[in-house]
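Undergrad: fold the following, please.
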Amino acid sequence: MKRSALVLSILLLSAAVFSACSTPSASSTPADTATTPVVVDVPTVTATEGPIESTLEISGTLAPRTRVPVMPRVPGTLERVLVDLGDAVSAGQTIATIDRREIDAQVDAATAAIAVGKAAVETAEAALANAVLERDRAQGLFDKGALPRQRLEAAQTAHRAAVAQRDLATATMAQAEASARRARETQRDTTITSPLTGVIVERNYDAGAMPGDKPIVVVADLRQMKLEAGVSEMDAGRLHTGMKARVEVQAKPGQTFDGELANIAPEVDERNRHFRIELRLPNDKRELLSGMYATARIVERQQATALLVPRDAIATRDGARIALRVQGDTVQPVTITEGLSDGTRVQILSGLAAGDVLVSDARRQFTTGTKVRPVPVR
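TA: Next up is the predicted model:
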């Protein structure tokens, strides 16, 4: 029994020694394991060359350059309205008529008054001619001593009275003619005509109505539209009449219309410190309608060939304008000088070259030693 226990103890001890020898020691593990660097995917853009324009953007509602409300010149009931909304009219075309029966009667009365006045003038002229003869005869007899002075003075008085009657009849005749002209003008005013060539854009009354404060119709010349807007003092100082503009209309996506800066107000609006400007657009095809919302870009300056980058690739840092240029797998801030801008792209005057790869968002921050992988933005 003692011998068996001794043999078992020797076997166990041998197994423990073998196990200890076969286990690697901690001193065989490297103290420092190499760390794989982290690479960040970064959206990038490339500086390219191309044309650029500096523009001022304004927006507003299109309106006809000429828009005229047609009001009746005389009161009365509308007898006919000959046009409808959207009808094309020419200058001088009859639009509506007013019941003129009473006015026709006034014209007839004025015409009759002229006839009476003519008869009165003729009678007065005849009386004056007779008075002249009597005065001359009396003067001759008085000169010969055959007629007393009293009879001569009576003849002279009759002559003066005849002259006064002739003058009164003539004045009455002129008054009758003036009344007739006024009556005929009133008669003509019962026929309402279009003041210009254009389109009926508003109609407010039907036949049988008596027009009030509103116009019967409104005529607009849609062959030329205008876009009015307000600009700041700084913007107004850079503008001048004749500048070209490109106009986009919300109701016609994808289409661009050519315009021109026609007017700049010479005085600022004290309420908002803005100057009113007016663009004009030809509209011969009548594609543009009054009231459409439009956005216009007035071209201030142009550059045929320029180094261009997207606007977001430029940022301000420590008071300087910078871009983040990607060189290999690192990012390097570069101070740049800007030129023209069209609101989307910026002209680079110095600091970059064509083909430089830039971080698309220059506001992004990178820690020292960060490795990047450029991902071009489509």
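Undergrad: ok, now which ones touch the residue nearest in space to the middle of the chain?
TA: Nearest residue to the geometric centre of the chain (C-alpha atoms, centre = their mean): Leu227, 1.0 Å. Contacts of Leu227 were listed using C-beta atoms under 8 Å, 6 or more residues apart in numbering, and they are 58, 60-63, 247, 259, 278-281, 294, 296. C-beta coordinates here come from the backbone N, C-alpha and C atoms, glycine included.
Undergrad: is Arg73 in a helix, a strand, or coil?
TA: Secondary structure assignment for Arg73 (DSSP: H, G, I helix; E, B strand; the rest coil): coil.
Undergrad: the strand of greatest length in the chain packs against which elements?
TA: Longest strand of the chain, by residue count under DSSP state E: strand 48-70. The criterion is 3 or more C-beta pairs under 8 Å, 6 or more residues apart in numbering; DSSP states H and E, and the helices and strands that strand 48-70 contacts are strand 198-203, strand 217-231, strand 275-282, strand 293-310, strand 337-341.
Undergrad: got those strands as CSV, with distance to Asp41 and mean pLDDT columns?
TA: CSV is the format used below for those (distance: least, C-beta to C-beta, whole Å; pLDDT from 0 to 100):
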stretch, distance to Asp41, mean pLDDT
strand 198-203, 58, 93
strand 217-231, 43, 93
strand 275-282, 46, 94
strand 293-310, 18, 91
strand 337-341, 28, 91
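Undergrad: between the ones you listed, which gets nearest to Phe142?
TA: strand 217-231 (74.0 Å; C-beta to C-beta).
Undergrad: so how far is the closest one from its chain's centroid?
TA: Counting by C-alpha atoms, centre = their mean, to the nearest Å, strand 217-231 is centred 7 Å from the centre of its parent chain.
Undergrad: following it, which helix or strand comes up?
TA: helix 233-238 (DSSP states H and E).
Undergrad: distance of Lys144 relative to Leu152?
TA: As judged by C-beta to C-beta, to the nearest Å, Lys144 and Leu152 stand 12 Å apart.
Undergrad: who has more neighbours, these two?
TA: Leu152 (18 against 8; other C-beta atoms under 10 Å).
Undergrad: show me what the helix or strand that contains the more buried one is packed up against.
TA: In the assignment (DSSP H and E), Leu152 maps to helix 149-189. For helix 149-189, the packing partners by 3+ C-beta pairs under 8 Å, 6+ apart come out as helix 101-144.
Undergrad: the helix it packs on - contacts with which helices or strands?
TA: helix 149-189.
Undergrad: the residue nearest to the centre of the chain and Val38, how far apart?
TA: 54 Å.
Undergrad: just checking, Met210 touches Pro72?
TA: No. Judged on C-beta atoms under 8 Å, Met210 makes no contact with Pro72 at a distance of 9.3 Å.
Undergrad: now render the helices and strands packed on strand 48-70 as CSV, adding distance to Val372.
TA: CSV is the format used below for the helices and strands packed on strand 48-70 (distance: least, C-beta to C-beta, whole Å):
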stretch, distance to Val372
strand 198-203, 60
strand 217-231, 42
strand 275-282, 46
strand 293-310, 18
strand 337-341, 24
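Undergrad: so what touches the helix or strand just after the longest strand of the chain?
TA: Where DSSP H and E defines the elements, the next helix or strand beyond strand 48-70 is strand 78-81. Identification of contacts with strand 78-81 by C-beta under 8 Å, 6+ apart yields 95-100, 203, 205-211, 216-217.
Undergrad: in strand 78-81, which residues are buried?
TA: Within strand 78-81, the residues scored as buried using 16 or more other C-beta atoms under 10 Å are Leu78, Val81.
Undergrad: what's the closest non-adjacent residue to the residue nearest to the centre of the chain?
TA: Leu279 (4.4 Å; C-beta to C-beta, 6 or more residues apart in numbering).
Undergrad: closest one to Ile322 among the helices and strands packed on strand 48-70?
TA: strand 337-341 (10.9 Å).
Undergrad: other SSEs contacting that closest one?
TA: strand 48-70, strand 293-310, strand 345-350.
Undergrad: just put these in CSV and tack on mean neighbour count and distance to Gly76.
TA: Formatted as CSV, these follow (neighbours: other C-beta atoms under 10 Å; distance: least, C-beta to C-beta, whole Å):
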stretch, mean neighbour count, distance to Gly76
strand 48-70, 17, 15
strand 293-310, 17, 40
strand 345-350, 18, 64
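Undergrad: which residues of this protein score low on pLDDT?
TA: Residues of the chain meeting the criterion pLDDT under 70: 1-37.
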